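1. here is a sequence together with a model predicted from it:
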Amino acid sequence: MQVSKPPYQDPTTKDTNWLAIDFEPVKTFERPISLEQIKAEPYLQNIGLIKQPRLSVMLLTREEFENIVNLKS
């Protein structure tokens, strides 16, 4: 994914500490990777998505990202 629009004030709040950022896909999978698939992988147990599943954006190491991408096969 890539940022498609610079950060702007989150329209759901007047708190200036909250920003929104729009993204667009660069490349998509033929078949989505499910949360169940990610949860089943022992080497992904420490990522933010497992600890706080309502995250929309999270930091991943390159290794974590590659492990998730490899789940598609």
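-> Perfect, thanks for sending it.

2. how many residues are close by the nearest residue to L59 once chain neighbours are set aside?
-> In space, and not counting its chain neighbours, L59 is closest to G48: 6.7 Å by C-beta to C-beta, 6 or more residues apart in numbering. For glycine as for every other residue, the C-beta is placed from the backbone atoms N, C-alpha and C. Around G48 there are 13 other residues, counting by other C-beta atoms under 10 Å.

3. quick one: G48 and L55 touch, right?
-> Yes - the criterion here is C-beta atoms under 8 Å, and G48 meets it with L55 at 5.3 Å.

4. which residues do the two both contact?
-> Common neighbours of G48 and L55, using C-beta atoms under 8 Å, 6 or more residues apart in numbering, do not exist here.

5. related to what we said a few turns ago, now do the contacts for the residue nearest to L59.
-> Contacts of G48 (C-beta under 8 Å, 6+ apart): 55, 58-59.

6. please redo it, this time with the cut-off set to 10 Å
-> The contact partners of G48, taken as C-beta atoms under 10 Å, 6 or more residues apart in numbering, are 55, 57-60, 64.

7. next, the buried residues of the longest helix anywhere in the chain.
-> Counting residues, the longest helix found in the chain (DSSP state H) is helix 62-69. Within helix 62-69, the residues that qualify as buried are 64, 67-68, counting by 16 or more other C-beta atoms under 10 Å.

8. take those residues and lay them out in a markdown table including pLDDT and distance to P11.
-> Converted to a markdown table, the buried residues of helix 62-69 look like this (pLDDT from 0 to 100; distance: C-beta to C-beta, whole Å):
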| residue | pLDDT | distance to P11 |
| --- | --- | --- |
| E64 | 95 | 31 |
| N67 | 93 | 35 |
| I68 | 92 | 30 |
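
9. considering those, which is situated nearest to K27?
-> Minimum distance to K27 across the buried residues of helix 62-69 is 13.4 Å, recorded for I68 (C-beta to C-beta).

10. apart from its chain neighbours, what residue comes closest to the most centrally placed residue in the chain?
-> Nearest to the geometric centre of the chain sits V57, at 4.4 Å (C-alpha atoms, centre = their mean). Closest residue in space to V57, ignoring its immediate chain neighbours: I21 at 7.8 Å, by C-beta to C-beta, 6+ apart.
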